[in-house]
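Chemist: Requesting a structural model of the entry that follows:
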Amino acid sequence: MLTSSLVVTGAGSGIGRAVVLACAQRGAKVAALDIEAAQADEVAALAMEAGSPLAVGISCDVSAEESVRAAFDRVEELLGGFDAVCANAGVEVNAPLHSFELERWRSVLDVNLVGTFLTCREALSRLVDNEASGSIVCTSSPSAFLGFAGGGNSAYAASKGGISAFVRSAAIDYARHGVRINAVVPGATDTSMLLASQADEAARTDELERIRSAASTQIPLGRLGRPEEIAAAIVWLLSPEASYVTGAHLVCDGGLMARSANDF
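Modeler: Numbering: from 1, shown residues only. As a prediction, this is how the structure comes out:
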């Protein structure tokens, strides 16, 4: 078994959902945390069908300290504890920096960076108090290392760059406690976040086709990633097979970061 009990934030869709189901198929108990309670419950039900002995959906706003604390209280009450956490909840809001409203800019950092901090802090405090080893995986992004040609990415890039620095620091601090902390770096993945800026269905369809077309030429593997592929990387980092890996970034981006921008 890869882990006995797993907590996933942002579990209602996309990569988080795929992680919950992948771990459920391997026999883990799972807690699916999401700001949308109905989506969390839906994923938990699917996890039970996939083979989890116990799966629960829990409403959680990762940007709110009390909400995160209450969610972990529920995890311990319902699952009896945990030994693995995937801090995955995230949002993306893009705008030119010179016109980016402060409230919107902060909202991205509150969910992505502060949310990762609160999730990890709550998990670590309980693991350390219980003298328990464990594994934590945080979701970073190529934007932590590269500028995107499309632009308008300052808030998202800042939040993901912060997560990557946070992972390296926390991994050193908690290695002596037997807790491994790593990051996965997903490239462009076929999830709803790709279309978050598009309001109507027609615009979303057009934008998805544009992204898929761009992926076919700009990503060396010629396509978008699937959530299940990113989940497989996360599952490996969570598992005992990665027992000597901490403070690392596992890039899962179809070759995007390996490619030079100069094709001549």
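Chemist: how close does the nearest residue to Ala40 once chain neighbours are set aside get to Lys29?
Modeler: Leaving aside its chain neighbours, Ala40 sits nearest to Gly57 (3.4 Å; criterion: C-beta to C-beta, 6 or more residues apart in numbering). In short, each C-beta sits where N, CA and C put it, glycine included. Distance, Gly57 to Lys29, by C-beta to C-beta, to the nearest Å: 13 Å.
Chemist: Low-confidence regions, the stretch 51-200 of the chain specifically.
Modeler: When residues are selected by pLDDT under 70, those of the stretch 51-200 of the chain lie in 149, 193-200.
Chemist: would you list every one of the helices in it?
Modeler: 65-79, 102-109, 115-129, 154-174 (DSSP state H, counting those that start in this stretch).
Chemist: Return the alpha-carbon coordinates of the longest one using CSV.
Modeler: Translated: helix 154-174. Written as CSV, here are the backbone C-alpha positions of helix 154-174 (Å, rounded to 0.1, in the frame of the first residue of the first chain):
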residue,chain,number,x,y,z
SER,A,154,2.7,37.9,-12.1
ALA,A,155,0.5,36.8,-9.2
TYR,A,156,0.4,33.1,-10.2
ALA,A,157,4.1,33.0,-10.8
ALA,A,158,4.9,34.7,-7.5
SER,A,159,2.7,32.3,-5.6
LYS,A,160,4.2,29.2,-7.3
GLY,A,161,7.8,30.5,-6.9
GLY,A,162,7.0,31.0,-3.2
ILE,A,163,5.8,27.4,-3.0
SER,A,164,9.0,26.1,-4.5
ALA,A,165,11.2,28.0,-2.1
PHE,A,166,8.9,27.0,0.8
VAL,A,167,9.3,23.3,-0.1
ARG,A,168,13.1,23.4,-0.1
SER,A,169,13.1,25.2,3.3
ALA,A,170,10.5,23.0,4.9
ALA,A,171,12.1,19.8,3.7
ILE,A,172,15.3,20.6,5.5
ASP,A,173,13.5,21.5,8.7
TYR,A,174,11.4,18.4,8.9
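Chemist: Let me know the angle separating that helix from helix 102-109.
Modeler: Orientation check (axes from the mean of the first three to the mean of the last three C-alpha atoms, to 10 degrees): helix 154-174 against helix 102-109 gives 40 degrees.
Chemist: right, and Val93 touches Glu101 too?
Modeler: No. At 9.5 Å, Val93 does not count as touching Glu101 under the criterion of C-beta atoms under 8 Å.
Chemist: neighbour-wise, which of those two wins?
Modeler: Val93 (17 against 10; other C-beta atoms under 10 Å).
Chemist: centroid residue for this structure?
Modeler: Asn88 (2.1 Å; C-alpha atoms, centre = their mean).
Chemist: and it, what are its phi and psi?
Modeler: When read as degrees, to the nearest 10, the backbone of Asn88 gives phi -120, psi -20.
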